[in-house]
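Visitor: The sequence isn't on hand, but the structure is:
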Ligand SMILES: Nc1ncnc2c1ncn2[C@@H]1O[C@H](COP(=O)(O)OP(=O)(O)OP(=O)(O)O)[C@@H](O)[C@H]1O
C-alpha cells in the first residue's frame, strides 16, 4: 500500500490514469502557521479498498481527510486522487465527505436532503451529473425505504447518518471520505451501520477512507488500518487486516480479531 519511492516518477501528477490509486500522497505536509500537523506523509490507497485511519487525538486524522478533499492545501509534497490534483478531483466530484454530524437541513425531508446537491447544482447553473441510482433508490440502499418524507427530527441519529451517506453517494463518488461518521451513535446502532456500510461498499465498489477512534471498528471495517502518530502527524504503520469477507459480528469474538486489536493497541501506545 505504501510505496514512497515507486512509480510515476516524471509523470505530471494531474494526468488521469485508469489504474491510478484512489489517493496518493508523496512527502505531503500540512502546516497551520508554525505548527506542522502532517509531516512528509507518504501513502497510497488502492482503488476499491476500505481503509480505516486510527491514531491518538490530534495526530492529524481529520486533517488528512481535509487535505485529500481539497479543503486545505499541502504546504509541501504532492497529493493526487485517481491521478488528478485534489482540485481537479473535487471539480470532477470524485469524492464525497460524510462527517460525524449528518448536517441535514431540518426543514427538508430525507428525500429532499438527498436531492439537495442536484438542486444546488441546478441553481448555480452547473448541473451535476447524478449517479446511476436515484435519490429514492439511494435511500432504499441505506435501508430507509418508506421514510422518504420524514423530517430529520423524526429520524433517529443512525437514520440521519444514513441519509447523509445516501446524499454522499448521489454523484457516485469513487472515493468516500468518512470522518467518525458513527462516533456519536450507541453501540448497537453503530454495529448495524458498520454492517450496512460494508454492504454499500461491496455494492458500489467505492473506495472508503474512514476515520475512527475505535480500534474494534477499525479492525472490523478495514482491509487495512492506517495508523498515524502525533506531534507531528506521521505514518506509524499500515496493518493488513486479513479477516475473511464478508465480515460478520461474530467475528469479533474470534482470536484472530482480538489479535489484530491487541496489536493495534500496542502500536497506539507507541504513537
Ligand atoms: N484550522 C486549524 N488551525 C490550527 N491548528 C489546527 C487546525 N486544524 C487542526 N489543527 C491542529 O492540527 C492537529 C491535528 O488536528 P486533527 O483535527 O487533524 O486531529 P485528529 O487526529 O483528527 O484529532 P481527534 O482524534 O481529536 O479528532 C491538532 O494539533 C490540531 O490542533
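Guide: Looks like it came in fine. As the structure is a computational prediction, the values presented were derived from the model and not from experiment.

Visitor: count of residues packed around the closest residue in space to residue 105 that isn't next to it in sequence?
Guide: Once flanking residues are discounted, residue 105 sits nearest to residue 113: 6.0 Å by Cβ to Cβ, 6 or more residues apart in numbering. For every residue, glycine as well, the C-beta is placed using N, CA and C. Per other Cβ atoms under 10 Å, the neighbour tally for residue 113 reads 24.

Visitor: and the gap between residue 113 and the ligand?
Guide: Note on residue 113: its distance to the ligand, by Cβ to the nearest ligand atom, to the nearest Å, is 25 Å.

Visitor: before we move on, what about residue 270?
Guide: From residue 270 over to the ligand (counting by Cβ to the nearest ligand atom), the distance is 16 Å.

Visitor: ok, now residue 23?
Guide: Distance from residue 23 to the ligand, by Cβ to the nearest ligand atom: 16 Å.

Visitor: got the contact list for the nearest residue to that residue once chain neighbours are set aside?
Guide: Once flanking residues are discounted, residue 23 sits nearest to residue 45: 4.2 Å by Cβ to Cβ, 6+ apart. Contacts of residue 45 were listed using Cβ atoms under 8 Å, 6 or more residues apart in numbering, and they are 1, 21-24, 51, 207, 209.

Visitor: hmm, back to that, name the helix or strand for the residue nearest to residue 105, please.
Guide: Under the criterion DSSP states H and E, the helix or strand holding residue 113 is helix 110-123.

Visitor: what helices or strands is that helix leaning on?
Guide: helix 135-141, helix 157-169 (3 or more Cβ pairs under 8 Å, 6 or more residues apart in numbering; DSSP states H and E).

Visitor: Now the shortest one: buried residues?
Guide: Within helix 135-141, the residues scored as buried using 16 or more other Cβ atoms under 10 Å are 135, 138-139, 141.

Visitor: and those residues near the ligand, which?
Guide: Restricting the buried residues of helix 135-141 to those touching the ligand (Cβ under 6 Å from any ligand atom) yields no residues.

Visitor: give me the element residue 51 is part of.
Guide: Going by DSSP H and E, residue 51 is part of strand 50-54.

Visitor: how about that strand, does it get close to the ligand?
Guide: No - for strand 50-54 and the ligand, the contact criterion (Cβ under 6 Å from any ligand atom) is not met; the two come no nearer than 8.4 Å.

Visitor: Flag every buried residue along that strand.
Guide: 50-54.

Visitor: Give me the sheet partners of it and which way each runs.
Guide: Using DSSP bridges, strand 50-54 pairs in its sheet with strand 207-211 (parallel), strand 224-229 (parallel).

Visitor: going on from that strand, what's the next piece of helix or strand?
Guide: helix 61-68.

Visitor: Show me what that following helix packs onto, helices and strands only.
Guide: Secondary elements touching helix 61-68 (3+ Cβ pairs under 8 Å, 6+ apart): strand 23-32, strand 35-45, strand 50-54, strand 76-81, strand 175-179, strand 207-211.

Visitor: Apply 7 Å and report the result again.
Guide: strand 23-32, strand 35-45, strand 76-81, strand 175-179, strand 207-211 (3 or more Cβ pairs under 7 Å, 6 or more residues apart in numbering; DSSP states H and E).

Visitor: Just send these back as TSV, with mean pLDDT too.
Guide: Putting the helices and strands packed on helix 61-68 into TSV (pLDDT from 0 to 100) gives the following:
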stretch	mean pLDDT
strand 23-32	97
strand 35-45	96
strand 76-81	96
strand 175-179	96
strand 207-211	97
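
Visitor: Let's have those in JSON lines, adding distance to residue 122.
Guide: JSON lines is the format used below for the helices and strands packed on helix 61-68 (distance: least, Cβ to Cβ, whole Å):
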{"stretch": "strand 23-32", "distance to residue 122": "30"}
{"stretch": "strand 35-45", "distance to residue 122": "32"}
{"stretch": "strand 76-81", "distance to residue 122": "25"}
{"stretch": "strand 175-179", "distance to residue 122": "24"}
{"stretch": "strand 207-211", "distance to residue 122": "28"}
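
Visitor: Out of these, the one nearest residue 103 is which?
Guide: When these are compared by Cβ to Cβ, strand 175-179 sits nearest residue 103, at 11.5 Å.

Visitor: interface residues of the protein facing the ligand?
Guide: 32, 35, 37, 55, 57-63.
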